[in-house]
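Visitor: Pasting the sequence and the predicted coordinates here, then a few questions.
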Amino acid sequence: MGELFNAALVDVFHQRLENLQAIVIMYGLNECGLMACTADVSLRHGKTLTYKDSDLKVWDKCPKYSSGKLMAGFRLKVMEPESDQPMPSLQENLGPGQIGELYFKSPFICTEYMNNPEKTAETFTDDGWIRTGDLGYYDQSGFIYFLDRLIYTFKSLGKHVAPSEIERILYTHPAVHDCCVVGITDATDPGNKLPKAFVILKSGEGVVNKCSERELLDYTNAQLDEDYKLLRGLVFVDTFPTAYVTGKVLRSELENITNNASAG
C-alpha cells in the first residue's frame, strides 16, 4: 500500500511461522514495476524463477533494513531534495551513504501520464529519469535503502528527518505495538519542525513489558542523533486516525491535534 515495511516484524514472522525460510522484500512503483529486491530474482538457466525454486534466495549478507539490490536493466541516482544538483550516482560507484531522493532509469519505465502533462513534468526528467518522491540511499555493496516518503519527512534543526528512522528505534522496545512520528511546527521558528511520537502500547493477556511515556522517551532519545530526538515529546494513544480505503495513518491529523492544542 505504498508504506515502508516494518523490519521489526521480520523477527515476529520467524517466531510464529516455524517453517518460514525467508521473507522477500521488494521495492517498486506503478510506473515501472519492481526496481529492487532482497532476493536474486534474475533468470537462470533459461527458466523463470518461482518462490518454490531453489535458485530464489536472499542476497548474501543482505542488511536487515535494506530493500535489496537493483533489478537488471535499472539504474539509480540520488538527488538532493529540493534541488536539481545530483549527488554521486550508483552507476559511478561514488558516495554511498548519502541520503536524498531516489531517481531511477530503465527501458521499462513509462514515459508519461495520460492527459496529465503537469504530473508528467513533475515526475519524469527530460533525460528519462523518474523521480520517486522517496528518500533513501545505497551502501558500498549496492544495497538500496528506502527510508520514507518525502511528503512525510520534515526539516528539523536544518536537516531532513525521516520519521521511519525514529519509528525504527521505537519498534525495538518490547512494549510498543505501533507508532507514528510527525513533525510539529516550532512556535519560535515557523520554518522548523520538531519530532513528536504517538505510540500504541501492546495490550492483552501475557503482556508484561510496561513502561511510562518518560521511560520510552528516554529510551528512544538515547539512541538518536540530536536533530532526530523527540524534542516535542511522546504520548500514548489508543488508536491512530486512518484513511478509510487504504488504512494509512493520517499524519496530518496527528499534527493538527498537537498544533491546535498548543494554540489553545
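Guide: Nice, I can see it. Note that the structure is predicted; figures quoted are calculated from it, not measured. Residues are numbered from 1 along each chain as shown.
Visitor: what bridges to the nearest residue to residue 192 once chain neighbours are set aside?
Guide: Nearest residue to residue 192, sequence neighbours excluded (Cβ to Cβ, 6 or more residues apart in numbering): residue 186, at 4.3 Å. For every residue, glycine as well, the C-beta is placed using N, CA and C. Partner residues in beta bridges with residue 186: residue 189, with DSSP bridges as the criterion.
Visitor: Now tell me what touches the strand or helix carrying residue 148 from outside.
Guide: Taking DSSP states H and E as the definition, residue 148 sits inside strand 144-149. In this structure, residues lying in contact with strand 144-149 by Cβ atoms under 8 Å, 6 or more residues apart in numbering are 2, 4, 27, 36, 63, 65-70, 76, 99, 102, 133-139, 162-165.
Visitor: Next step: those restricted to helices.
Guide: Among those, the members found in helices (DSSP state H) are 163-165.
Visitor: Including distance to residue 111 and pLDDT, could these go into CSV?
Guide: What follows is these, written out as CSV (distance: Cβ to Cβ, whole Å; pLDDT from 0 to 100):
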residue, distance to residue 111, pLDDT
163, 32, 92
164, 30, 89
165, 33, 89
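Visitor: Okay, domains of this protein per the record?
Guide: If you go by automatic domain parsing, the domain ranges for the chain are 8-150, 153-263.
Visitor: weakest of those in terms of mean pLDDT?
Guide: With a mean of 78, domain 8-150 has the lowest mean pLDDT of the domains of the chain.
Visitor: Measure how buried the spatially closest residue to residue 148 that is not a sequence neighbour is and give me the count.
Guide: With Cβ to Cβ, 6+ apart as the criterion, residue 148 has its nearest non-adjacent residue at 4.0 Å, and that residue is residue 162. If you count neighbours by other Cβ atoms under 10 Å, residue 162 ends up with 22.
Visitor: residue contacts, residue 162?
Guide: Residues 99, 135, 147-148, 152-153 are the ones in contact with residue 162 under the rule Cβ under 8 Å, 6+ apart.
Visitor: tell me the contacts of residue 112?
Guide: Contacts here follow Cβ under 8 Å, 6+ apart; on that basis residue 112 touches 120, 124.
Visitor: doesn't residue 197 make contact with residue 237?
Guide: No - the pair residue 237 and residue 197 does not pass the contact test of Cβ atoms under 8 Å, sitting 10.0 Å apart.
Visitor: Show me which of the two is the more surrounded one.
Guide: When neighbours are counted by other Cβ under 10 Å, residue 197 comes out ahead of the other of residue 237 and residue 197, with 25 against 15.
Visitor: Check which helix or strand residue 252 maps to.
Guide: helix 251-263.
Visitor: Now do residue 153 against residue 71, distance only.
Guide: Per Cβ to Cβ, to the nearest Å, residue 153 is found 25 Å from residue 71.
Visitor: can you map out the helices along the stretch 151-264 of the chain?
Guide: Under the criterion DSSP state H, counting those that start in this stretch, the stretch 151-264 of the chain contains helices at 163-171, 213-221, 251-263.
Visitor: so how many other residues sit close to residue 125?
Guide: Neighbours of residue 125 under the rule other Cβ under 10 Å: 13.
Visitor: OK, contacts around it?
Guide: In this structure, residue 125 makes contact with 103, 131, judged by Cβ under 8 Å, 6+ apart.
Visitor: what do you get if the cut-off is 7 Å, keeping everything else the same?
Guide: Applying Cβ atoms under 7 Å, 6 or more residues apart in numbering to residue 125 gives no contacts.
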